[in-house]
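K.L.:
Structure, please.
(2 chains)
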Amino acid sequence: MKPFTYERASTPAQAAAAVARQAGAKFIAGGTNLLDLMKLQIETPSHLVDVNGLGLDKIEPTADGGLRIGALVRNTDLAADERVRRDYAVLSRAVLAGASGQLRNKATTAGNLLQRTRCSYFYDTNQPCNKRKPGSGCSAIGGYSRQLAVIGTSPACIATYPGDMAVAMRVLDATIETVRPDGHARTIPIADFHKLPDGTPQVENALEPGELITGVALPAPVGGTHVYRKVRDRASYAFALVSVAAIVQKDGSGRVALGGVAPKPWRSADAEAELPGGAKAVTGRLLAGAQPTAENAFKLTLAERTLAAVLSQARA
Amino acid sequence: MKFDKPATTNPIDQLRIVGKPTRRIDGGLKTTGTAPYAYERHDAVKNPAYGVIVGSAIAKGRIVSMDQAAASASPGVLAIVTSRNAGKLGKGEKNTAKLLGGPEIDHYHQAVAIVVAETFEQARDAAMLLRIGYETQEGRFDLAAAKDAAPLTRKTEQTGPPLSKVGDFDAAFAAAPVQIDATYTTPDQSHSMMEPHATIAAWHGEQLTLWTSNQMIAWGVGDVAKTLGIAKKNVRLVSPFIGGGFGGKLFVRSDELMAALAAKAVGRPVKVALARPMIPNNTTHRPATIQRIRIGTDKNGRITAIAHESWSGNLPGGEPETAVNQTRLLYAGANRLSSMRLAELDLPEGNAMRAPGEASGMMALEIAIDEAAEKAGIDPVEFRILNDTQVDPEKPERPFSQRQLVKCLRLGAQRFGWNKRNPKPAQLRDGQWLVGLGMAAAFRNNLLTKSAARVKLDRHGIVTVETDMTDIGTGSYTIIAQTAAETMGVTLDRVVVHLGDSDFPVSSGSGGQFGANNSTSGVYAACMKLREAIAKKAGIAPADARFADGRVSAGARAMSLAEAAGANGLVAEDGIEYGKLDKTYQ
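P.N.:
Prediction:
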C-alpha cells in the first residue's frame, strides 16, 4: 500500500471539489474493494476523501412514485428495505446474491456500482493488463478466461463488470445521481453509466474527475414477477459466470438483463421483444455478435438455459 | 511396544472414555481466540521484525538482474535476503523444488527474496520496490500435451509399483460382453487452509527456534537442518496449534526457511506469513490427472477385466498423483492392469493434498463402476456386492484382515431407503431442485508408522502427555487425552496434553490419515509403561494391577495415583512399532 493522505468531507460538493483538486485522489466509502486493491498496489491513490459522513444513507420516496437510494446506503440495508423487497424484489435478491454478510454490511450502493473487475490478470501485478496499466497488453486474451466477458469486449480487454446489484438496477431503469466538483448535479441513466472498453479499458464509467455519486433513483414500480438468478462455480461467495435479472409480466412481456457476460450489465430492447418466444430467442438476440473465447463459449448456452429456468420460474 | 500380532482385549477396550462423545479439550481456546497460532506468538517472541516474501514473476527461466536500491532505501527496511546473500543452501528431503529460487527459477511464485522491515506494511511496500529482471524460458504447463510422451513413474514406497498386471487384461476385456471405456480428468487443486503458512524464527547463538504451522515436526526439523546445513540438535520446531493443514503443511515451506534466513540477517526474530495469493503457487498442490478406466464384465455383471491408467505431472524429481492404487484393491476381477505415468511439467510442486491419489482416483473409479453397473443392467449397490473381494485381488494369498464393505453397502442401502429409489434420473422434483439418490464406495489404506510419547504423573495425580504429534483441527488433543485417561484410569480433567514441539518424543505426525491411530497407539504404549512404574511403587504385580478412579489396585491393596507418584513424580516414555502384519494382511 502506498502512503496516502486522508480527509473527511462534510458536503457532497466539498468532497467532489477535494477529489478534483488533487491528482490521484479518490473517494472512499465502504472500502471493501478499494482497500484490497490498495494493498496489492493495483490502486495507488495519493489522497483519500472519506464520504461516509455525508448523510447520503437514506432510502426515500420520490415525487414520481419511485425510490431514491442514497449513495451510502449499505448493501445489507438496501436488500432488507421493505419497499425494495416489495416493489423492486429483483434488486433485493441481486444484492443478497453477492459477497458475504460482512461485506454487505460495509459496502455501499455507490461503491458497488464502481467495483472493479475480478479478472485474475487485473489482480496479478506480474502480468500485463491494459486496465491496470494502459498499453501493457491483455493477458486474458489467450489466457485463462473462463470467468470473462463474451460480448462488449475489445482487443484491449475482455474483463467483465463483476457485480450483481447493477444488473438488477439495469432492468429497473435506474438513474445515477451525481454532483460535480463545481457543485452542479446531473443524472446519468444506468444504461449509459458503465463504459465498454474499446481502446481505453481503464475508463470504466461516465463519471468525470471528482464527480461524486449521491444516489440512485428508481422509477415507479412496474409490478411483475422479479427474479435474480446467479450461476457460479461455488454456491456462495463467488462472482457470476452468468446471472439473469428479470421482471416478467403476466402477459409474457418483461425485461431481462445479464450479468457476468460483458463489461457492463447487458440488456437490449430488441431482445426483450422476443420474450414471448422464449429464452433462446431472447439470448440469441441479446448475445448476437458475441466473441467468446474457447474457455468461455459455454456462457452463451449457460445464459440461454439460465434465462429458460428464470422464465419457467417466473411463469410457474 | 511392538505390535506384531493381531490385538486381543487390552485396557483401551474398556471404552469408558474412548469412543464416548466429549467436548474438545482445545475447544475453549479456539472459540475464544486464545489458541496461540504461529504468527501470534507474542508470548514467546518480543520485538519481531516482519518479513514479506517475494515470489518469482515468471514460471521458468532465470533472474538476470535485481535492483534493490529503492527497496533498501524504503522506510523501516532492515534487510533483503536473496539467493545471492543467503549463503549455501541445501534442499529438504521432502522438497521437490528449492524453497529459495534464483538465479534459476523452477516455478511461478517460487520465493526469490524476503524483505524485512520494522512493520509488516513497510516490508510489503518495500517488497514491491524490488526491480527484478528475468529471462524467461519456454515452459511445459499442459498435462494433456505432455501425456503421450510421459514415462512410467519410478517406484517408491509411497507410490507403489508404476505398472501392475494380473492375467491378460487385453484379451479378457476384448472378450467381455459388457464393456465401458471412459476417460476422466481432474484439475490442479490447491489447499487454502484458514491459517496461511506462517513462521516466527529466532536465533540464540547457533540455536534456531521456529514457531510455525507444520504437520510433521520431526520431518520439519530434519529438512530445516538439511536446507540450512546445520545440526538437527540446533533446530527446534514448535507448532502446538495449526489452522488447517490438508497435506499442504507436511513439509518445510518458504515461510520457515525465509524467516530463519531473515532472522539471521537482522539478528532479531522475524515473522512471516504467506499472503493468500501466494499460497497456490508458492506451496504445494494436488496435481491434475487424466485417467482412463476400462471395465469388462460377463453377462451376469461379474468383472472379468479392469484397467485404470493415470497420468499426472510434476517438476523433475517429483512424484505422481497415485490415482490407481484403490483400483488395485477395491473390486474383484481376474484380469487387471494399472499404471501411473508422470510427465515433467514446470508448474509448481505437486504433492500430498487430502487423501493424495485416492481423492482423484476414487472419483474416477466409482463413476466408472456406476457406468459399468448401468451397462450391465444391475443396481449399483448390487453390482458392488457382486464384485466384492475378501483378498487382495492382485495377490489372492493375502487376505484383508477385516473388510466390511458389503455390510456397509447393505446397511447404507437400508438406512437411505435405497429400495425406494427410482433409478431413472430426473424423476423426482422438490421445488426448483431435481432430487436423486446415488452412492459410491470409498476406502483408504490403514497406514502404520512408528509413534512415541512421554507420559508424566505428578504428585497431584495429574497425567501429562508430551509428544510431537500435531493437531491440525482434527482433534488430536482430545483423542490423546481420552487414550491416556482410559489407560490410566483417570477422568479427562486429570489429563494435560502438550503437542507439536520437537523437544517431545517423535510421533507419527498428522498426515495420510495415519495420525489418530498411530499417535494414540504411541500414547497407549507410553501409558502402559507408566502403569508398570506405578504398580511397582504400589507393590503390585503389573499384570494384576487395575487402574480405575484415579487409583491402582489389586485385590484389597490399593493406592491413589498421586501417592504412587510421590513428591518427584513418575515419567515413562515409549512408542508403538509394528511388525509385518500389514504385509501378511491387506
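K.L.:
Can you name the residues of the stretch 301-450 of chain B that neighbour chain A?
P.N.:
Residues of the stretch 301-450 of chain B lying near chain A by C-beta under 8 Å from any C-beta of the partner chain: B:Gln432. All C-beta atoms are positioned from the backbone trio N, CA, C, and that covers glycine.
K.L.:
The nearest residue to B:Ser507 once chain neighbours are set aside: how many residues sit nearby?
P.N.:
Nearest residue to B:Ser507, sequence neighbours excluded (C-beta to C-beta, 6 or more residues apart in numbering or on different chains): B:Met469, at 3.8 Å. B:Met469 is flanked by 35 other residues according to other C-beta atoms under 10 Å in any protein chain shown.
K.L.:
What's the local residue count around A:His47?
P.N.:
A:His47 has 16 nearby residues by other C-beta under 10 Å.
K.L.:
who touches it in this structure?
P.N.:
A:4-7, A:18-19, A:22, A:24-26 (C-beta atoms under 8 Å, 6 or more residues apart in numbering or on different chains).
K.L.:
bridging residues for it?
P.N.:
A:Thr5, A:Ala25 (DSSP bridges).
K.L.:
Quickly name whichever of the contacts of A:His47 is closest to chain B.
P.N.:
Nearest to chain B out of these is A:Phe4 (C-beta to the nearest C-beta; 11.8 Å).
K.L.:
quick revisit: in ChimeraX, how would I select the buried members of the contacts of A:His47?
P.N.:
Here is the ChimeraX command that picks out the buried ones among the contacts of A:His47, judged by 16 or more other C-beta atoms under 10 Å in any protein chain shown:
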select /A:18,19,25,26
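K.L.:
give the contact list for the residue nearest to B:Ser507.
P.N.:
Per C-beta under 8 Å, 6+ apart, neighbours of B:Met469: B:451, B:453, B:476, B:480, B:499-500, B:507-510, B:515, B:519, B:522.
K.L.:
Mind checking which of those residues land in helices?
P.N.:
The helices, defined by DSSP state H, take in B:476, B:480, B:515, B:519, B:522 from those.
K.L.:
Could you dump those residues into TSV with pLDDT added?
P.N.:
As requested, those are exported to TSV (pLDDT from 0 to 100):
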residue	pLDDT
B:Ser476	98
B:Ile480	98
B:Gly515	96
B:Ser519	98
B:Gly522	98
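K.L.:
Tell me the predicted confidence for the residue of chain A found nearest chain B.
P.N.:
Closest approach between chain A and chain B, counting by C-beta to the nearest C-beta: A:Asn126, at 3.7 Å. Reported pLDDT at A:Asn126 in the predicted model: 92.
K.L.:
ok, it touching B:Ala59?
P.N.:
No: counting by C-beta atoms under 8 Å, A:Asn126 stays clear of B:Ala59, with 10.0 Å between them.
K.L.:
Between the two, tell me which one has more neighbours.
P.N.:
B:Ala59 (22 against 14).
K.L.:
and the gap between that one and A:Leu40?
P.N.:
20 Å (C-beta to C-beta, to the nearest Å).
K.L.:
Enumerate the residues of the stretch 1-150 of chain A near chain B.
P.N.:
Checking the stretch 1-150 of chain A against chain B by C-beta under 8 Å from any C-beta, the hits are A:1-2, A:39-41, A:123-126.
K.L.:
which of those are buried?
P.N.:
Among the residues of the stretch 1-150 of chain A next to chain B, those scoring as buried are A:1, A:40, A:123-124 (criterion: 16+ other C-beta under 10 Å).
K.L.:
So which of these belong to helices?
P.N.:
Short answer: those in helices (DSSP H) are A:Tyr123.
K.L.:
give me the element B:Val381 is part of.
P.N.:
Per DSSP states H and E: B:Val381 is located in helix B:380-386.
K.L.:
longest helix in chain A, by residue count?
P.N.:
helix A:298-315.
K.L.:
Show me what counts as buried in that helix.
P.N.:
Here helix A:298-315 shows A:299-300, A:302-304, A:306-311, A:314 as buried, counting by 16+ other C-beta under 10 Å.
K.L.:
Kindly reformat those residues as JSON lines containing distance to A:Ala149 and pLDDT.
P.N.:
Below are the buried residues of helix A:298-315 laid out as JSON lines (distance: C-beta to C-beta, whole Å; pLDDT from 0 to 100):
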{"residue": "A:Lys299", "distance to A:Ala149": "9", "pLDDT": "98"}
{"residue": "A:Leu300", "distance to A:Ala149": "12", "pLDDT": "98"}
{"residue": "A:Leu302", "distance to A:Ala149": "13", "pLDDT": "98"}
{"residue": "A:Ala303", "distance to A:Ala149": "12", "pLDDT": "98"}
{"residue": "A:Glu304", "distance to A:Ala149": "17", "pLDDT": "98"}
{"residue": "A:Thr306", "distance to A:Ala149": "16", "pLDDT": "98"}
{"residue": "A:Leu307", "distance to A:Ala149": "17", "pLDDT": "98"}
{"residue": "A:Ala308", "distance to A:Ala149": "22", "pLDDT": "98"}
{"residue": "A:Ala309", "distance to A:Ala149": "22", "pLDDT": "95"}
{"residue": "A:Val310", "distance to A:Ala149": "20", "pLDDT": "97"}
{"residue": "A:Leu311", "distance to A:Ala149": "23", "pLDDT": "96"}
{"residue": "A:Ala314", "distance to A:Ala149": "26", "pLDDT": "93"}
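K.L.:
Filtering these by proximity to chain B, which remain?
P.N.:
Checking the buried residues of helix A:298-315 against chain B (C-beta under 8 Å from any C-beta), the matches are A:Ala309.
K.L.:
before we move on, back to that, contact partners for the residue of chain A closest to chain B?
P.N.:
If you count contacts by C-beta under 8 Å, 6+ apart, then A:Asn126 has B:57-58 around it.
K.L.:
name the element it belongs to?
P.N.:
Per DSSP H and E, there is no helix or strand for A:Asn126.
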